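K.L.:
After the sequence you'll find the predicted model.
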Amino acid sequence: MNSGEWRGRDLGARTEAYGETDAILYALAVGAKATDLDLVFEERLKVLPTFALTRAQWAPDVLGSAGAFNVGTAVHGSQRLRVRKPLPASGDLEMKATVSEVWDKGGAAVFEVAVDTEYLEATWSIFAPGCGGFGGERGPSAARRPEREPDHEFTLPTGTEQAALYRLLGDRHHMHIDPEAAKAAGMPRPFMHGLCTLAAVTLPLADVAGAHPADLLELDGRFASPVFPGDVLQVSAWREDDGALLFEAAVDGKTVLSAGRVLFGS
């Protein structure tokens, strides 16, 4: 079957249980400090909405296992998250997943995998080389960097053990821990999970917005280049009239996150 025929495919449903320890481990893995008591102390715990993405990773994995694309060459291109209500400190996350769209980029296809829960909707965009050319629409282009000067700029160091810690949340692809697996994937050494980097950036962006990171409502980001544990991100952010922040992140002048947008509630 051609790639376009996967559009609308039901990927099934799954219920994932989690506890306070999982939510706290996640917060630490994406950069929370021991002093962020409402993120790391069970007596005051607020769960970061992006934590749910670790429980929903099964959905794009199911699509790859079904043969839609080559799992050895496909990459996570971008992520979208829309929050409906806060996650409880512990509980069951009931999810349904579908292939919401397939875009034809010519030499590649982009599969959009949507996961829906009562708490949020998340969409993975998977860039799959060699799967295009089926006559479908190209899809929307990524948002461009604003042409004005950033309203905010800051640096964000990543931890040398951050990828090793993050993989304990469920995404155990070997390329994030095993040097040989990373080399087989074309990387010089193990690299950060894109979702870890994206979530890590939301913590200081919440400070910029004068908000709590658990009050995240909307998040978008494109993974432009890999980030390696220990890299220091240079983050630029622009305020929008609706209260959202547009953002980009770079390492040594090379963009690693682009087309970023985040919106927090009060």
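P.N.:
Okay, I see it.

K.L.:
contacts, neighbours, all on C-alpha from now
P.N.:
Will do.

K.L.:
residues in contact with Leu245?
P.N.:
205, 209, 237-239, 261-263 (CA atoms under 8 Å, 6 or more residues apart in numbering).

K.L.:
Tell me how many other residues crowd the nearest residue to it once chain neighbours are set aside.
P.N.:
For Leu245, ignoring the flanking residues on the chain, the nearest one in space by CA to CA, 6 or more residues apart in numbering is Arg239 at 4.8 Å. Neighbour count for Arg239, taken as other CA atoms under 10 Å: 17.

K.L.:
Now the one helix or strand Pro60 maps to: buried residues?
P.N.:
Here Pro60, judged by DSSP states H and E, is contained in helix 58-65. Within helix 58-65, the residues that count as buried by 16 or more other CA atoms under 10 Å are 58-60, 63-64.

K.L.:
following it, which helix or strand comes up?
P.N.:
Past helix 58-65, the next helix or strand by DSSP H and E is strand 75-83.

K.L.:
quick one, strands of the protein?
P.N.:
10-18, 75-83, 91-104, 108-116, 120-129, 152-157, 216-223, 232-239, 245-251, 254-264 (DSSP state E).

K.L.:
what about the ones you listed, which gets the closest to Glu137?
P.N.:
Minimum separation from Glu137 across the strands of the chain (CA to CA) falls at strand 91-104, 5.5 Å.

K.L.:
That closest one pairs with which strands?
P.N.:
strand 10-18 (antiparallel), strand 108-116 (antiparallel) (DSSP bridges).

K.L.:
and that strand, which residues are buried?
P.N.:
93-104.

K.L.:
Am I right that Pro49 is in contact with Pro88?
P.N.:
No. Contact between Pro49 and Pro88 fails when scored by CA atoms under 8 Å: they sit 9.9 Å apart.

K.L.:
Compare these two and say which is more crowded by neighbours.
P.N.:
With neighbours defined as other CA under 10 Å, Pro49 and Pro88 compare such that Pro49 has more, 26 against 18.

K.L.:
so what pLDDT did the closest residue to that one other than its chain neighbours get?
P.N.:
Among residues not flanking Pro49 along the chain, Ala214 sits closest, at 6.2 Å (CA to CA, 6+ apart). We have a pLDDT of 98 for Ala214.

K.L.:
Now do Ala214 against Ala244, distance only.
P.N.:
Ala214 sits 15 Å away from Ala244, going by CA to CA, to the nearest Å.

K.L.:
Comparing these two, which shows the higher neighbour count?
P.N.:
Ala214 (22 against 19).

K.L.:
Pull the contacting residues for that one.
P.N.:
46-49, 86.

K.L.:
picking up where we left off before, of the strands paired with strand 91-104, flag the one that's most buried.
P.N.:
strand 108-116 (a mean of 25; mean count of other CA atoms under 10 Å).

K.L.:
Tell me the bridge partners for the nearest residue to Phe247 once chain neighbours are set aside.
P.N.:
Nearest residue to Phe247 in three dimensions, chain neighbours excluded: Ala237, at 4.3 Å (CA to CA, 6+ apart). On the basis of DSSP bridges, Ala237 is bridged to His152, Phe247.

K.L.:
Residue numbering should commence at 893 henceforth.
P.N.:
All right, first residue 893 from here; so that's Ala1129.

K.L.:
Mind picking out the helix or strand in this structure with the poorest mean pLDDT?
P.N.:
helix 1071-1076 (a mean of 91; mean pLDDT, DSSP states H and E).

K.L.:
Tell me the one of the buried residues of strand 983-996 nearest Arg1059?
P.N.:
Among those, and counting by CA to CA, the member closest to Arg1059 is Leu985, at 19.4 Å.

K.L.:
How much space separates the closest one from Glu1013?
P.N.:
12 Å.

K.L.:
Give me the mean pLDDT for whichever helix in the chain runs longest.
P.N.:
Counting by DSSP state H, the longest helix found in the chain is helix 1086-1101. What helix 1086-1101 shows for mean pLDDT is 97.
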